[in-house]
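1. got a predicted structure here, sequence first:
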Amino acid sequence: MIKLGVLISGSGTNLQAIIDAIAAGKLDAEVAVVISSRPDAYGLVRAQEAGIQTIALSRDVYTNTDTANMAIATELTRAGCDYVVMAGYMRMVTEPILAAFPDRVINLHPALLPSFKGAHAIQDAFDAGVKVTGVTVHFANAEYDKGPIIAQRPVVVDEDDTLDSLEAKIHAVEHVLYPETLQLVAEGRVKVGIDRKVHIS
């Protein structure tokens, strides 16, 4: 079993998918702590209802990003986390966390990287008129949305899709792909090679 520290900023639907997968016996993990960049994030309620320790940070803490990340790394280490899982976390993860958890910080991106990096990936893909977009799970590194890719799954953009319907399709895939990928990690099957690519046994 692996211990996860989950970082959130919002409603925490991907956190809920992880909690549900653990409860269903589909993910051999424990969420040791949930840390939110916003005190009013609904994901904190989800965590508390599941009996998970929560920590809410105020905006003032992020005045200095590295100082904030140092405090987060300390809490994740204190909770005994093996991996850090970003689930709708809208702040930069920098050196203090990356150094404490090398190749152990996992992020979810709502597009097929390396296309459509950044915070508006679904909108950007929709506006570009692509016919296929998708979801990427990757290790985070110092370069935004450029870490080694662990898993991807396509989502077809249908002719009658709106931005809202495309977002719903993307999120539905996220809620399946993220727990599945974390289970591969829990099984020890995910390694970053010397070529800096992920290899799955």
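-> Arrived safely, thanks for sending. Numbers count the residues shown, from 1 in each chain.

2. in the host helix or strand of Val185, what counts as buried?
-> Assigned by DSSP states H and E, Val185 belongs to helix 163-186. Buried residues in helix 163-186, defined by neighbour count with 16 or more other CB atoms under 10 Å: 166, 169-171, 173-175, 177-179, 181-186. Where you see a C-beta, it was placed from the backbone N, CA and C, and this is true even at glycine.

3. which element follows it toward the C-terminus?
-> Next element after helix 163-186 (DSSP H and E): strand 190-192.

4. grab the most central residue of the protein for me.
-> Nearest residue to the geometric centre of the chain (CA atoms, centre = their mean): Met86, 3.0 Å.

5. quick one: mean pLDDT for the helix holding Val185?
-> Here helix 163-186 scores 98 as its mean pLDDT.

6. next up, phi/psi of Trp106, please.
-> Heads up, residue 106 is Ile, not Trp. The phi/psi pair for Ile106 (degrees, to the nearest 10) reads phi -110, psi 140.

7. per-residue pLDDT, it?
-> On pLDDT, Ile106 comes in at 97.

8. that one bridge partners, please.
-> Beta-bridge pairing of Ile106 under DSSP bridges involves Val85, Phe139.

9. that one - how many residues pack around it?
-> By other CB atoms under 10 Å, the residues close to Ile106 number 24.

10. do the same with Ala32
-> Per other CB under 10 Å, the neighbour tally for Ala32 reads 19.
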